[in-house]
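Participant: 3D, please:
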Amino acid sequence: SLLVWLAVRSPWGRVLRAVREDEDAARSLGKNAVSYKMQGIVLGGVMGALAGMILTIDANFVNSTYCFAQVTCYCYTVVILGGRARVMGPIVGAVVFWFLFQLVDGIVRQAIGAGWISESLLAPSDIGAVQNAVVGIGLLLLVVFRPQGILGRRAELLLDER
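Facilitator: Okay, the predicted model is just below:
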């Protein structure tokens, strides 16, 4: 994340931010917006490929069924939760997401164990579905009430008044 932080504060990162905020203004300053967007996409792809290689090394195998839609949904939730366009956003989002995910798991398991929730109503094997439902409801509430995420700034999401 230090390299990303340095890249964001470099002249190249400032141009990328300018292109993100107002592409026409960046073009009027002589910057090739398409080239900078392509560079950002390629850099993001390289970072994603490196993360995939680390995940594959950790798992010691590659299989097409290893990655599925639920993982993608969790990744989007982490990014939205932490705050888009923030270097530390995904890190904070991942920590908060993991904490809440484990909290829901513990609360539901204790409620089933204490008899507050009948096993005929909710089996221990169905806790994953409850976790996913809570994540979905939480993501919905987050997008409605705080779309910029935990670390995001509301001013960046406001539409320009042209």
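
Participant: which residues of this protein score low on pLDDT?
Facilitator: By pLDDT under 70, the weakly predicted segments of the chain are 67, 154-162.

Participant: So residue 56 sits against residue 63, correct?
Facilitator: No: contact status for residue 56 versus residue 63: not in contact, 9.7 Å apart, counting by C-beta atoms under 8 Å. All C-beta spots, glycine's among them, are computed from the backbone N, C-alpha and C.

Participant: And these two? Which one has more around it.
Facilitator: Relative neighbour count places residue 56 above the other of residue 56 and residue 63, with 13 against 8, counting by other C-beta atoms under 10 Å.

Participant: quick one: what helix or strand has the more buried one in it?
Facilitator: In this structure, residue 56 sits in helix 33-59 according to DSSP states H and E.

Participant: what's that helix packed up against?
Facilitator: In terms of contact count using 3 or more C-beta pairs under 8 Å, 6 or more residues apart in numbering; DSSP states H and E, helix 33-59 is assigned the packing partners helix 11-21, helix 23-28.

Participant: How about residue 149: what's its closest non-neighbour residue?
Facilitator: With sequence-adjacent residues excluded and distances taken as C-beta to C-beta, 6 or more residues apart in numbering, residue 149 is closest to residue 83, at 3.1 Å.

Participant: What strand or helix carries the most centrally placed residue in the chain?
Facilitator: Residue closest to the average C-alpha location in the chain (C-alpha atoms, centre = their mean): residue 79, at 1.8 Å. When elements are defined using DSSP H and E, residue 79 is found to belong to helix 69-82.
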